[in-house]
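1. Kindly return the folded structure for what I paste below:
(one chain, ligands or ions: 1)
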Amino acid sequence: MFNRSLTLGKLAGIDVAIDVSWLLIFGLLWWNLSAGVLPTLQPQLSGTETWVWAMVGTFLFFGSVLLHELAHALVARKQGIPVKGITLFLFGGVAQIEQEPKRAQDEFFMALAGPAMSVVLAVTYYLLAGTAFLPEAFVSVLLWLTTVNVILATFNLLPGFPLDGGRVFRALVWSITDNLRLATRIATLSGQVIGYSFVGIGVFMALGNPVPILGSGLIGGVWAAFIGLFLSQAATSAYQTQELTSMLSEVTAEELMRTEVAAVAPDLRVHDLLATHVKTRKERVFPVVEATKLLGTVDMRQVMQVPRDDWPTVTVAEIMTPIDKLTTLQPQTEAAQAVTILTRAAQTEVPVTWRQQLKGMISLRDIGLWLSLNQGFDSRELDLSA
Ligand SMILES: [Zn+2]
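-> Numbering: from 1, shown residues only. The predicted structure is shown next:
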């Protein structure tokens, strides 16, 4: 959903984009204003006037959502958390904040900033609507914007992760228990409950039963159920991501690396490498080591570029990737950070070194294997009923 976005420009140094899906919301709101709200409140307006005022309202709504997201982004940036940009999409917006907050209080203020902005906007629109000299149609638009911003703040404050309220809730549990993992478990569980409640309410509405605020009817019901499904899925995936990150922050590269690696000497000939190492081992990347000091690595792609006639004369040192061109990890690097580094590295196999000495080799496959072996144990440890 994030790949089809149109970049609009920069606001306070933050990239602003809209997802194509947002155009649907734009159209729906404009239609809601021009065919429903305005003809009821301002029946004296001509057709063209109604359309124009509906457009004004829709643009101001767009601005309101943008300011909500901008509030999140600016608070995040003030706390030293990098923000990539803001994308407005189907259910409002997303501030692309690049890392999770390190402290409960950072998350608390960052999450609260958006709904607080929506409340400020609602109050502003309401006060503006009270000023005497504005056209009546604009007053109706301002009152509609007041309601919409109140709904936006209220919905986002529901205590289910990853909604803003769910983040506030998580921050509170986190600060009380000092356990981010437990706090995430509880807040995402609440997100799932709220999500499925919306699905239930949606079905109830679709069957013709009225629900306070949300109304009744098939379209409203399907819409509520759709939002509920989206929320419960987002909660589940946020939980899984957090689980992986917590598991990986408890181990280091040293614990996950392979120590039995086929190191080769720099003066080894390509012919001998192929005859002795490649034929007998599964490895495709060989660290080149001289007296325990890592000089570089050589892989099969580099070996295959040597013409067959040169195999007996060319040495490994001549074709290897030297150490200064390699990504390496230190033994004490957290596995969670190692995943980020490995994902960006040009190599599939990364040497783990300490003071230039080779300690082992690590790849994303090694980390994946460890995760699949350990997942069972950790999820039992987390069982809340235990
Ligand atoms: Zn928000």
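2. Whatever residue of the stretch 1-150 of the chain ends up closest to the ion: how many residues sit nearby?
-> Proximity of the stretch 1-150 of the chain to the ion (C-beta to the ion) peaks at residue 114, 3.0 Å away. Where you see a C-beta, it was placed from the backbone N, CA and C, and this is true even at glycine. By other C-beta atoms under 10 Å, 28 other residues sit near residue 114.
3. same check, this time on residue 80
-> 10.
4. How about residue 242?
-> 20.
5. what's the answer for residue 138, then?
-> Using other C-beta under 10 Å, residue 138 has 16 other residues around it.
6. pretty sure it contacts residue 53?
-> Yes: the pair residue 138 / residue 53 is scored as a contact, 6.8 Å apart, by C-beta atoms under 8 Å.
7. about what we covered before: quickly find the element holding the residue of the stretch 1-150 of the chain closest to the ion.
-> Using DSSP states H and E, residue 114 sits in helix 104-130.
8. If you count neighbours, what's buried in that helix?
-> Buried residues in helix 104-130, counted by 16 or more other C-beta atoms under 10 Å: 104, 106-119, 121-122, 125-126, 129.
9. In the stretch 251-386 of the chain, mark out all the strands, start to finish.
-> Ranges of strands in the stretch 251-386 of the chain, per DSSP state E, counting those that start in this stretch, are 285-290, 293-299, 321-322, 349-354, 357-363.
10. Would you format those strands as a markdown table with mean neighbour count and mean pLDDT included?
-> Shown next, in a markdown table, are those (neighbours: other C-beta atoms under 10 Å; pLDDT from 0 to 100):
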| stretch | mean neighbour count | mean pLDDT |
| --- | --- | --- |
| strand 285-290 | 21 | 91 |
| strand 293-299 | 20 | 91 |
| strand 321-322 | 14 | 92 |
| strand 349-354 | 22 | 91 |
| strand 357-363 | 20 | 91 |
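11. I'd like to know which of those strands lies nearest to residue 60.
-> Taking C-beta to C-beta, strand 349-354 is the member of those nearest to residue 60, at 51.1 Å.
12. Can you list the helices and strands that the closest one packs against?
-> strand 293-299, helix 335-344, strand 357-363 (3 or more C-beta pairs under 8 Å, 6 or more residues apart in numbering; DSSP states H and E).
13. returning to what we had before: wait, which of the strands of the stretch 251-386 of the chain is closest to residue 155?
-> Residue 155 sits nearest to strand 357-363 of all those, at 43.5 Å, using C-beta to C-beta.
14. Provide the contact partners of the closest one at residue level.
-> For strand 357-363, the external contacting residues (C-beta atoms under 8 Å, 6 or more residues apart in numbering) are 253-254, 256-259, 261, 263, 285, 287, 289, 292-294, 329, 331, 338, 342, 348-353.
15. and what of stretch 160-172?
-> The contact list for stretch 160-172, computed with C-beta under 8 Å, 6+ apart, reads 72, 104-105, 107-108, 110-112, 114-115, 155-159, 183-184, 186-188, 190-195, 231, 234-235, 238-239.
16. low-confidence ranges in this protein?
-> Within the chain, the ranges that satisfy pLDDT under 70 run 1-3, 90-99, 280-283, 375-386.
17. residues from it in reach of the ion?
-> 114, 156, 164 (C-beta under 5 Å from the ion).
18. before we move on, back to that, next structured bit after the helix holding residue 114?
-> helix 136-156.
19. ok, so what distance separates the residue in the stretch 151-300 of the chain positioned nearest to the ion from residue 369?
-> The minimum distance from the stretch 151-300 of the chain to the ion, using C-beta to the ion, falls at residue 164 (4.1 Å). Taking C-beta to C-beta, to the nearest Å as the measure, residue 164 falls 37 Å from residue 369.
20. These two: who's more crowded?
-> Neighbours were counted for residue 164 and for residue 369 using other C-beta under 10 Å; residue 164 has more, 25 against 12.
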